[in-house]
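J.: okay, predicted coordinates and the sequence, questions at the end:
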Amino acid sequence: MFGRRFSVLIVAVMVLGIILTACGAEEAQKVCAVLDTGGENDRSFNEFTLKGARDAAAEAGLEFAHIVSEAETDYEKNIQNFIDEGCSMIITVGFLMGDVTAAAARENPDVDFAIVDVEYFPGLGCDESLSDCYEEDLSNVTSLMFAEDEVGYLAGVLAGCMSESGVIGSVSGMEIPPVVKFVVGYQNGARTQNPDIETLNVYIPDFNDPSTGKQAGQAMLDDGADIIFGVGGNTGNGGVLAAHEAGKLGIGVDVDQYNTYPDVAPSLLTSAAKNMDVAAFNAVTAFANGELQAGINLGTVENEGIGLAPYHDQEANIPDECKAAVDEAKAGLAAGTIDTGYGP
């Protein structure tokens, strides 16, 4: 009788252990973020992706960790370290992490990946013989993308309407698709307000070179530009700083730089914002709910994934007709009746 009771007790303990183990495994889900170079307080991609991901993980009760890459050579190592630590979802940030993220996803199909600003196409991220990278190869990858050409177009409409000299500029980072989309939209939006406007642009192969960006901005100002759009992280910030110091106007990028770049805040017309914190928050929340889908999540004017930031200190200086032109363009983009002119 004692032996029978003892056996029942052992079975009960084993069952309880299995239940606790299962609960522990569920509680151990961990979200990790591998940030690009530039620091976690870069006032841009790293800072806002980190904020959205961390807030969502906290709200969902998930463990969270992040690391800042010191150099491009750190990307693969940082991702692998998080895989070894048992991260269930890994968010990577930026175009330069595209290849290493795809490689890690292929080797670790049980880990979910989300990458900011990188999309994969046959021949560009997966084998060209495939018809869909996500369905046939990267089934555990979600690309968090933004229609930069749309918000760039809105910034251009505003700049084209506001420019008194008939010359505007953009100081851009690397010549990669997201940056090119900003520039093309900006230039075409400006031409809707002034078909003869001169649009200056330079691509600088570095997102963290404010000194070179400032020099480029100054050169554009010397050529008559009175509005500078900074399209390239800290490099673009240098261009906007040049405009501010010259008493001209600037347009920020990626986030509302009125709040993140106070040195130039009084001179900012607006910022062409990508709501990266919202995109990261939604991706982590979807993961926590078991609803994260592979493929491209695109932020547009229509779904409010992108948009112009408030006019802040320049509100009273922007004529009503310029504000109306921006509103009209926004409505047209949302309705699909305006083509930004960008084509891959």
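T.: Cool, got the structure. Numbers count the residues shown, from 1 in each chain.
J.: surely residue 68 and residue 42 touch.
T.: No: using CB atoms under 8 Å, residue 68 is not in contact with residue 42; the gap is 9.1 Å. C-beta coordinates here come from the backbone N, C-alpha and C atoms, glycine included.
J.: which one's more surrounded, the two?
T.: residue 42 (24 against 19; other CB atoms under 10 Å).
J.: what's the domain layout of this structure?
T.: Residue ranges of the domains in the chain are recorded as 29-146+277-299, 148-273+311-335, according to automatic domain parsing.
J.: what's the end-to-end length of the last one?
T.: For domain 148-273+311-335, the first-to-last residue distance is 17 Å (CA to CA, to the nearest Å).
J.: and it, average pLDDT?
T.: Per-residue pLDDT values across domain 148-273+311-335 average out to 97.
J.: JSON lines please, covering the domains of the chain and showing distance to residue 343.
T.: Compiled in JSON lines, the domains of the chain are given as follows (distance: least, CB to CB, whole Å):
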{"stretch": "domain 29-146+277-299", "distance to residue 343": "14"}
{"stretch": "domain 148-273+311-335", "distance to residue 343": "9"}
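J.: run a quick neighbour tally on residue 48.
T.: For residue 48, the tally of surrounding residues (other CB under 10 Å) stands at 26.
J.: same check, this time on residue 179
T.: Per other CB under 10 Å, the neighbour tally for residue 179 reads 26.
J.: I'd say it and residue 232 touch.
T.: Yes: taking CB under 8 Å as the contact criterion, residue 179 and residue 232 are neighbours in contact, 6.3 Å apart.
J.: who touches both of those two?
T.: Residues touching both residue 179 and residue 232 (CB atoms under 8 Å, 6 or more residues apart in numbering) are 172, 173.
J.: centroid residue for this structure?
T.: The centroid of the chain falls nearest to residue 276 when counting by CA atoms, centre = their mean (4.7 Å).
J.: residues contacting that one?
T.: For residue 276, the set of contacting residues under the criterion of CB under 8 Å, 6+ apart consists of 45, 48, 49, 52, 116, 144, 146, 254, 255.
J.: closest to residue 300 among those?
T.: Ranking the contacts of residue 276 by separation from residue 300, with CB to CB as the measure, puts residue 146 on top at 7.9 Å.
J.: show me where the stretch 101-250 of the chain has its helices.
T.: Taking DSSP state H, counting those that start in this stretch as the criterion, the stretch 101-250 of the chain contains helices spanning 133-136, 148-162, 177-193, 210-222, 233-245.
J.: need the winner for burial among the ones you listed.
T.: Mean neighbour counts were taken over the helices of the stretch 101-250 of the chain using mean count of other CB atoms under 10 Å, and the top value, a mean of 28, falls to helix 148-162.
J.: figure out how far it is from the centre of its chain.
T.: For helix 148-162, the gap between its own C-alpha mean and the chain's C-alpha mean amounts to 18 Å (CA atoms, centre = their mean, to the nearest Å).
J.: stretch 317-325 now?
T.: Distance, stretch centre to chain centre, for stretch 317-325: 28 Å (CA atoms, centre = their mean).
J.: ok so, going back, Throw the contacts of residue 276 into TSV and include distance to residue 127, thanks.
T.: What follows is the contacts of residue 276, written out as TSV (distance: CB to CB, whole Å):
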residue	distance to residue 127
45	28
48	33
49	29
52	32
116	24
144	23
146	26
254	32
255	35
